[in-house]
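*Asks:* from the sequence below, what's the structure:
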Amino acid sequence: MGVLVYVAEIIMRVGLHICRYDALEDYPVGWHYRFAVVDLDKCKNYPLNFVCMLPMKIDADGKSQSVFLQIFGDKSVEQARALLTGALETESDSEVKAEIERRLKLLEAKPIS
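*Replies:* Next comes the predicted model:
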């Protein structure tokens, strides 16, 4: 008797929902941003379409398995770059654009070994 193995690849149209907070408790003074990955096919309203948070850094070394890395696996950096680039093209707020650009630079940074 054989074993049937079925591997499913989940395909979603995803986007970013960017929230800006001012002076959160336990954070230094200033603006803070949270980047939520949302499923564009599931629902139009956040948080009903929430998938996971986009981490600041994506460590594919296996030490920090974020939900984002678990979902997108080997394509995590590529997917993060696509999400941030897409958000940069559509965002009009200069401060939010600066944060998106900062996060794009973090993706380009080489980890120190």
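*Asks:* tell me which element the closest residue to residue 33 other than its chain neighbours is part of?
*Replies:* Nearest residue to residue 33, sequence neighbours excluded (Cβ to Cβ, 6 or more residues apart in numbering): residue 99, at 4.9 Å. (Glycine included, C-beta is placed from N, CA and C.) According to DSSP states H and E, residue 99 maps onto helix 94-108.
*Asks:* ok, back up a step: the residue nearest to residue 33 against residue 32, yeah?
*Replies:* No - taking contacts as Cβ atoms under 8 Å, residue 99 lies outside contact range of residue 32: 9.3 Å.
*Asks:* for the closest residue to residue 48 other than its chain neighbours, which three-state class applies?
*Replies:* Leaving out its chain neighbours, the residue that sits closest to residue 48 by Cβ to Cβ, 6+ apart is residue 42, at 7.1 Å. Three-state call for residue 42 (DSSP: H, G, I helix; E, B strand; the rest coil): coil.
*Asks:* confidence score at residue 42?
*Replies:* Confidence at residue 42, expressed as pLDDT, is 88.
*Asks:* where do the strands sit along this protein?
*Replies:* Under the criterion DSSP state E, strands of the chain are mapped to 14-22, 31-39, 50-53.
*Asks:* relative to residue 69, which of those is closest?
*Replies:* Smallest distance to residue 69 across the strands of the chain (Cβ to Cβ): 9.3 Å, for strand 50-53.
*Asks:* what's the closest one in contact with?
*Replies:* 12, 14, 17, 34-39, 66-68, 71 (Cβ atoms under 8 Å, 6 or more residues apart in numbering).
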